[in-house]
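Trainee: missing the sequence, but the structure's below:
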């Protein structure tokens, strides 16, 4: 799993590439939870993630809860169709704002109705 972290206009942008599974989700979770700050904004780019196991879904939910507990915002970008389908069926997608582009994600974070 490759993790790239950047800051754009005060927003933490994390790009993941590789499989998000039992072998990688713990390390990813510990790195991402360490990036959350009170009232922080994070975009999680998943364009490079083609497989996500239940451990990966749990990691996303944990990140969502941690971000929410800090009054922050989390937006997903580029969720693969198969992963999106799984997230819809399991109800996980209801927790997240999911966008198709970085521009849409930036707008979603600027929208006070979403926060």
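Mentor: Looks like it came in fine. Since the structure is predicted, the reported quantities are computational estimates derived from the model, not experimental observations.
Trainee: rest of the way, CA atoms for contacts and neighbours
Mentor: Will do.
Trainee: do a quick rundown of the helices in the chain.
Mentor: With DSSP state H applied, the chain shows helices at 25-33, 54-69, 81-90, 102-110, listed in chain order.
Trainee: will you turn those into CSV that also has mean pLDDT and distance to residue 10?
Mentor: Formatted as CSV, the entries for the helices of the chain read as follows, by pLDDT from 0 to 100; distance: least, CA to CA, whole Å:
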stretch, mean pLDDT, distance to residue 10
helix 25-33, 95, 16
helix 54-69, 95, 15
helix 81-90, 94, 27
helix 102-110, 93, 11
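Trainee: closest to residue 48 out of the ones you listed?
Mentor: Shortest separation from residue 48 across those is recorded for helix 81-90, at 11.9 Å, computed as CA to CA.
Trainee: got the buried residues for the closest one?
Mentor: Neighbour-count burial for helix 81-90, counted by 16 or more other CA atoms under 10 Å, picks out 83, 86, 87.
Trainee: so what's the residue positioned nearest the centre of the chain up against?
Mentor: The centre of the chain sits closest to residue 44, judged by CA atoms, centre = their mean, with a distance of 3.7 Å. Applying CA atoms under 8 Å, 6 or more residues apart in numbering, one finds that residue 44 lies in contact with 13, 14, 15, 16, 74, 75, 76, 77.
Trainee: is the first one in contact with residue 36, as I believe?
Mentor: No. Taking contact to mean CA atoms under 8 Å, the distance of 11.3 Å between residue 13 and residue 36 leaves them out of contact.
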